[in-house]
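K.L.:
Quick one, structure for this:
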Amino acid sequence: MGKSGWGYARLVLRANAAKEGDEYRLVLSDLRIPIQMQRWYRNSFERVSLALPDPRVQASMEAQANHLMMGLVGRETRPGDPMFFYRAWQRQGSYITAALARAGEPNVSWVLSQYLATHDFGGAGPEADAPGLAIWALTVSAAYIADRDHDRWLWPHIRRKAQRIEDMLTTRVPIVESFAVPSPYDLQHGQQITTGVLAKPAHDGLIVGRVGNEWPSLYVNAVSYRGLMAAARFAERLGKHRDAARWRDHADALQESWQRSDLLGRSNATASADGLQSSIDSVSLPGAWGLPLLTGRPMRDDPTVSAQLTHAHWALRVGRPDVVWSVLQEIWDRQASPGLYTWDAPRPVTADIADGWQYVRGWHNRTVVSPDYETAALLLLLQQDMLAYVDDTTEGHAVVIGAGIPKAWLAQPMAVSGVAIPGGSIDWQWDGHQMRVTLRGPAKPIHLGAAFPHSAKISVAHENRTAASPSRTF
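P.N.:
This is a model prediction of the structure:
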């Protein structure tokens with residue numbers, strides 16, 4: 001029944017077209033977006049508005065948000081082209097969920113959090129980085145969703161994932177996990193249930209965890225530290241002080257073990273050098289970034305885009321916008337599709353990919369997957385932080401404005417509006433001498449990026465209001 005009432009259709013097969021024994025199959029399809037999906041994603045993003053000297057900043061940000069939205073399959077993310085990947089992967093899903101949450105659309109991040117919270121592992125099975133990455137992404141998203149019902153629903157999932165990190169830190173026997181990764185949009189593969197090794201016995205207070213076919217201690221322990229700290233902050237927000245204290249104790253012990261082990265000063269016996277470095281490339285956690293958080297040192301030079309973005313995020317947080325722009329220029333100059341702001345990723349060596357259908361799309365290079373959504377998410381997170389980010393390491397959780405603005409731009413006026421921050425948003429205008437800020441949401445200290453002069457004046461207009469969260473059922 002439609003808006004105009006009931007309707008019917010009559011189909012007639014020509015007599016000379018049908019033969020005895022022939023079988024006809026009729027499939028009725030509704031090509032409209034399902035109502036449930038309309039509710040999830042019906043509204044477009046309120047895009048950040050930028051008036052900056054380089055128009056590529058806004059073009060790149062909008063491209064990444066659009067590519068990530070086009071890559072969603074229902075409430076699931078994909079590492080790359082959905083015609084290639086028929087299952088969600090946990091690491092890339094964490095980056096994508098956090099990036100779209102920061103883009104300022106709570107409905108999207110709420111939907112993606114449902115899947116990320118309820119599934120502990122992705123297409124590659126039990127991997128030791130999954131709990132820490134998921135906790136980080138889920139708590140980042142929760143801060144932007146700003147819904148107490150969502151926080152209460154999310155709590156048992158955060159606690160379960162944090163417990164996995166605790167288990168890996170204390171285990172004396174190998175941890176073997178069973179896992180099931182559904183693929184409701186792939187009729188051939190369906191849901192697979194199998195088992196895999198998550199971690200070996202802990203060694204000298206450090207996790208010995210598996211990621212793919214490697215055992216990268218640097219990466220796994222950095223991500224797990226970040227996950228424990230994020231879980232502790234989330235627990236404190238919910239008044240779960242005992243859990244928060246326990247997770248902080250575990251994080252402190254892990255950091256002490258890390259420092260005693262001098263992992264950066266020697267080769268790791270549990271991972272090859274190449275495998276170790278490839279895992280470190282992925283530890284780009286804005287606000288902590290895993291490895292730099294614990295060591296204060298940048299990564300080694302590496303040609304991969306994810307490694308470059310990791311290094312750029314480290315440079316941003318230590319006040320080196322010149323390094324950030326050097327990385328951006330190089331990345332933008334070697335796009336896979338110039339003007340579309342996309343990049344390729346090497347085709348993974350795994351059975352968890354499509355069976356040839358991806359080539360129907362006409363990609364001439366069968367050694368890569370394009371676009372790569374991990375790159376899109378990491379780049380979007382970096383560019384968001386270049387405009388404004390909340391520094392959790394400062395008293396009062398200050399908002400840092402313009403951390404990615406180069407010194408050469410300061411002689412001319414600039415304006416940015418609609419940058420989402422937890423509980424609200426922020427606009428700023430620079431007239432060449434003074435910064436004018438409009439802050440919506442909870443009051444926070446305002447700091448300027450490293451390129452701005454210390455003598456610059458800051459005026460703040462504070463609007464103590466937040467966007468209303470849509471009603472949902474958990």
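K.L.:
where does the protein dip in pLDDT?
P.N.:
1-46, 181-193, 262-303, 350-364, 465-474 (pLDDT under 70).
K.L.:
For it, which segments are assigned as helices?
P.N.:
35-41, 56-70, 90-102, 106-118, 130-145, 148-170, 217-237, 241-261, 273-280, 291-295, 305-317, 321-333, 373-387 (DSSP state H).
K.L.:
nearest residue to residue 395 other than its sequence neighbours?
P.N.:
Computed as CB to CB, 6 or more residues apart in numbering, the closest residue to residue 395 that is not its neighbour in sequence is residue 445, at 7.6 Å. All C-beta spots, glycine's among them, are computed from the backbone N, C-alpha and C.
K.L.:
closest to residue 424 out of the helices of the chain?
P.N.:
Of all those, helix 130-145 sits nearest to residue 424, with 9.7 Å by CB to CB.
K.L.:
quick check: angle from the closest one to helix 373-387?
P.N.:
Helix 130-145 runs at 50 degrees relative to helix 373-387, counting by axes from the mean of the first three to the mean of the last three CA atoms, to 10 degrees.
K.L.:
What residues of helix 130-145 count as buried?
P.N.:
Within helix 130-145, the residues scored as buried using 16 or more other CB atoms under 10 Å are 130-145.
K.L.:
what does stretch 305-313 give?
P.N.:
305-313.
K.L.:
which residues of the stretch 301-450 of the chain fall in strands?
P.N.:
Applying DSSP state E, counting those that start in this stretch to the stretch 301-450 of the chain gives strands spanning 345-346, 368-369, 388-390, 399-401, 414-421, 424-430, 434-440, 446-448.
K.L.:
Pull out the buried positions in the third one.
P.N.:
By that I understand strand 388-390. Buried residues in strand 388-390 (16+ other CB under 10 Å): 388-390.
K.L.:
can you check the fifth one too?
P.N.:
Buried residues in strand 414-421, counting neighbours by 16+ other CB under 10 Å, are found at 414, 416-421.
K.L.:
Show me the domain layout of this structure.
P.N.:
Here the domain parsing of the chain from automatic domain parsing is 54-387, 399-463.
K.L.:
okay, those domains, which one's buried deepest?
P.N.:
Stretch with highest mean neighbour count among these: domain 54-387 (a mean of 19; mean count of other CB atoms under 10 Å).
K.L.:
what's the first-to-last distance across it?
P.N.:
Using CA to CA, to the nearest Å, one end of domain 54-387 lies 13 Å from the other.
K.L.:
next one: stretch 314-323
P.N.:
Stretch 314-323 has its terminal residues 10 Å apart, counting by CA to CA.
K.L.:
Reformat the domains of the chain as TSV; add distance to residue 48.
P.N.:
Listed next are the domains of the chain as TSV, based on distance: least, CB to CB, whole Å:
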stretch	distance to residue 48
domain 54-387	6
domain 399-463	5
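K.L.:
where does the residue nearest to residue 395 fall, phi/psi-wise?
P.N.:
Dihedral angles of residue 445 (phi, psi; degrees, to the nearest 10) stand at phi -60, psi 150.
K.L.:
Okay, it and residue 460: tell me how far apart.
P.N.:
Going from residue 445 to residue 460 by CB to CB, to the nearest Å gives 9 Å.
K.L.:
ok so, going back, of all the buried residues of helix 130-145, which comes closest to residue 373?
P.N.:
When the buried residues of helix 130-145 are compared for distance to residue 373 (CB to CB), residue 137 wins out at 13.8 Å.
K.L.:
can I assume the closest one is in contact with residue 100?
P.N.:
No. In this structure, residue 137 is not within contact of residue 100 by CB atoms under 8 Å, at 10.1 Å.
K.L.:
Centre-most residue in the chain?
P.N.:
Closest to where the C-alpha atoms of the chain average out (CA atoms, centre = their mean) is residue 95, at 1.4 Å.
K.L.:
Can you name the residues that contact that residue?
P.N.:
Residue 95 sits next to 133, 137, 284, 374, 377-378, 381 when contact means CB atoms under 8 Å, 6 or more residues apart in numbering.
K.L.:
let's see it at 6 Å
P.N.:
374, 377-378 (CB atoms under 6 Å, 6 or more residues apart in numbering).
K.L.:
Now do it against residue 382, distance only.
P.N.:
11 Å.
K.L.:
anything in contact with each of these two?
P.N.:
With CB under 6 Å, 6+ apart, residue 95 and residue 382 have no common neighbours.
K.L.:
which non-adjacent residue is nearest residue 243?
P.N.:
residue 235 is the one closest to residue 243 (CB to CB, 6+ apart), at 4.4 Å.
K.L.:
so how far is residue 139 from the one you found?
P.N.:
Taken as CB to CB, the span from residue 235 to residue 139 is 10 Å.
K.L.:
repeat for residue 323
P.N.:
Distance, residue 323 to residue 139, using CB to CB: 28 Å.
K.L.:
wait, isn't residue 426 in contact with residue 436?
P.N.:
No. Here residue 426 does not reach residue 436: they are 11.4 Å apart, not a contact under CB atoms under 6 Å.
K.L.:
Which residues outside the longest strand seen in the chain are in contact with it?
P.N.:
Secondary structure of the chain per DSSP state E: the longest strand is strand 192-203. If you take CB under 6 Å, 6+ apart as the criterion, strand 192-203 is touched by 125-126, 128, 168-169, 171-172, 174-178, 180, 208-210.
K.L.:
make it 7 Å
P.N.:
Applying CB atoms under 7 Å, 6 or more residues apart in numbering, the contact partners of strand 192-203 are 125-126, 128, 168-181, 207-210.
K.L.:
one step back: the residue nearest to residue 243 and residue 442: what is the separation?
P.N.:
In terms of CB to CB, residue 235 sits 20 Å off from residue 442.
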